[in-house]
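Undergrad: just the structure for this:
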Amino acid sequence: MNPDRRLGIWLTIWAAMLFLLILIGGATRLTESGLSITEWKPVTGVVPPLGNAEWQLAFQKYQAIPQFQALNARMTLPEFKRIFLWEYVHRLWARLVGVAFAVPLLWFLAKGMVPRAVRRRLWLLLILLAAQGALGWFMVASGLSVRTEVSQYRLAAHFAAALLIYGATVWTAAEFLRGRPPEHTPDLHRVRLRATAITALAVVTAIAGAFVAGLRAGHMFNTFPLMAGQVVPPGYSAMSPWWRNLFENPAAVQFNHRVLALLTFLAILLFWGSARGRRLPKPTQTAIGLLMGAAILQVGLGITTLLLAVPVGLGVAHQGGAVLLITCALLAVHASTALPHFERAQLADA
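TA: The predicted structure is shown next:
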């Protein structure tokens, strides 16, 4: 097996691990488990409480924060263990994801298998991964005093960073695994520009969804397409200054997410329709078709999740659908790109 294929398979597996980590993070948020571990111990935190005394101590620390006192004052120790498990698995899997990147990366570098032009990108991914762990704790810390939940701003930042790391990984894996790149044509250039715009719109929509989750805005206005019988919900502009409504007003945040989601779907539908009948390479056609399928799936998941008031399973599936949609959009961009950047550098070196 050639080095490029080995690197591509490793990064594809690692991207799948990242995808699962994002899903676990979503489940942790939806089960309101994220504040159950009140300390950040990157090394010793791998070991969970092992006896009744340690469990009681962990529970006492949780009982000291506002979330327990205001929302869960009647929680029992067995109930605490259930939410603790979600956050523990989230943190443990994040550590495993870090090891699954750092160790193979060092091995590939030692073997001289990483192309020169892509080394900096992989080192940057490793740095971003470490920073993401710190950002995760920064997010959790916002809910340990005064607030009963984490800051929606920090939650959105944590999710956006996860998408950045995941997207860069998917892109790099595709560079290593793709066969002969397509030749540049005007049609392909237009496809690339449109797919890039759709990718950006899908990312903005997903981050807007993080604000919905952070404010629990999905538990209100559980009707579609109208909200409380209106197109624009009552109380949309209740906050001052106006910009606070975009990030802190649950009614406005849910409405904005709906609008962005519908715009994203419409853009993909038009993109798919405009690409039909054009002479495009088979991988590009396939990528566009997958993007259309992912968009239909995600709209269905979003509406169903809303109508059922965000059950945990559907909420996690909806978050996964957003990541899948972004994946397909990125692959559509990639399949319409004439030549990977690091390959151009290698050709120049040769």
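Undergrad: so residue 13 versus residue 89, what's the distance?
TA: Using CB to CB, to the nearest Å, residue 13 is found at 19 Å from residue 89. Heads up, the C-betas are built off the backbone N, CA and C, glycines and all.
Undergrad: determine the longest helix present in this structure.
TA: For the chain, the helix with the greatest residue count under DSSP state H is helix 77-110.
Undergrad: run through the neighbouring helices and strands of it.
TA: Contacts defined by 3 or more CB pairs under 8 Å, 6 or more residues apart in numbering; DSSP states H and E place helix 77-110 against helix 3-30, helix 52-63, helix 116-141.
Undergrad: any buried residues in the first one, and which?
TA: For helix 3-30, the buried set under the neighbour-count rule, 16 or more other CB atoms under 10 Å, comprises 4, 7-8, 10-12, 14-15, 17-19, 21-30.
Undergrad: pLDDT score assigned to the nearest residue to residue 148 once chain neighbours are set aside?
TA: Closest residue to residue 148 apart from its sequence neighbours, by CB to CB, 6 or more residues apart in numbering: residue 67 at 4.5 Å. pLDDT recorded at residue 67 is 96.
Undergrad: ditto for the one 4 residues further on
TA: Looking at residue 71, its pLDDT reads 94.
Undergrad: which non-adjacent residue is nearest it?
TA: residue 148 is the one closest to residue 71 (CB to CB, 6+ apart), at 5.7 Å.
Undergrad: which SS class is that neighbour?
TA: coil (DSSP: H, G, I helix; E, B strand; the rest coil).
Undergrad: can you give me the pLDDT of it?
TA: Confidence for residue 148, expressed as pLDDT, is 91.
Undergrad: before we move on, what about residue 50?
TA: 92.
Undergrad: list the contacts of the nearest residue to residue 250 once chain neighbours are set aside.
TA: In space, and not counting its chain neighbours, residue 250 is closest to residue 217: 3.8 Å by CB to CB, 6+ apart. Counting by CB atoms under 8 Å, 6 or more residues apart in numbering, residue 217 touches 211, 250-251, 253-254, 257.
Undergrad: what separation do you get for residue 217 and residue 256?
TA: Distance from residue 217 to residue 256, by CB to CB: 10 Å.
Undergrad: how close does the residue nearest to residue 71 sit to residue 72?
TA: From residue 148 to residue 72 the distance is 9 Å (CB to CB).
Undergrad: neighbour-wise, which of these two wins?
TA: Taking neighbours as other CB atoms under 10 Å, residue 148 and residue 72 compare with residue 72 leading, 19 against 15.
Undergrad: ok, now which ones touch the more buried one?
TA: residue 79.
Undergrad: against residue 57, how distant is it?
TA: 17 Å.
Undergrad: got it, and residue 323?
TA: For residue 323, the distance to residue 57 (CB to CB) stands at 36 Å.
Undergrad: more neighbours, the two?
TA: residue 323 (25 against 11).
Undergrad: isn't that one right up against residue 166?
TA: Yes: assessed by CB atoms under 8 Å, residue 323 is found in contact with residue 166 at 6.8 Å.
Undergrad: contacting residues for the nearest residue to residue 147 once chain neighbours are set aside?
TA: In this structure, residue 147 finds its nearest non-sequential neighbour in residue 66, 6.5 Å apart by CB to CB, 6+ apart. Remark: with contacts taken as CB under 8 Å, 6+ apart, residue 66 is in contact with 143, 145-148.
Undergrad: looking at these, spot the one nearest residue 172.
TA: Of all the contacts of residue 66, residue 172 sits closest to residue 143, with 33.8 Å by CB to CB.
Undergrad: isn't that closest one up against residue 70?
TA: No: between residue 143 and residue 70 there is no contact under CB under 8 Å: 11.4 Å.
Undergrad: okay, and the common contacts of those two?
TA: Both residue 143 and residue 70 lack any common contact, where contact means CB under 8 Å, 6+ apart.
Undergrad: these two: which has the busier surroundings?
TA: Taking other CB under 10 Å, residue 143 and residue 70 do not tie; residue 143 has more neighbours (21 against 10).
Undergrad: where do the strands sit along the stretch 101-250 of the chain?
TA: Counting by DSSP state E, counting those that start in this stretch, the stretch 101-250 of the chain yields no residue ranges for strands.
Undergrad: need the per-residue pLDDT for the residue lying closest to residue 31 once chain neighbours are set aside.
TA: The shortest distance from residue 31 to any non-neighbouring residue, by CB to CB, 6+ apart, is to residue 86 (5.3 Å). Confidence at residue 86, expressed as pLDDT, is 96.
Undergrad: ok, residue 86 to residue 12 distance?
TA: Between residue 86 and residue 12 the computed distance is 27 Å (CB to CB).
Undergrad: repeat for residue 305
TA: Taking CB to CB, one finds residue 305 at 28 Å from residue 12.
Undergrad: repeat for residue 144
TA: Taking CB to CB, one finds residue 144 at 37 Å from residue 12.
Undergrad: again, but for residue 138
TA: 30 Å.
Undergrad: neighbours of residue 215, how many?
TA: 21.
Undergrad: so it touches residue 250, yeah?
TA: Yes: with contacts counted by CB under 8 Å, residue 215 reaches residue 250, the gap being 4.6 Å.
Undergrad: how many neighbours does residue 151 have?
TA: 17.
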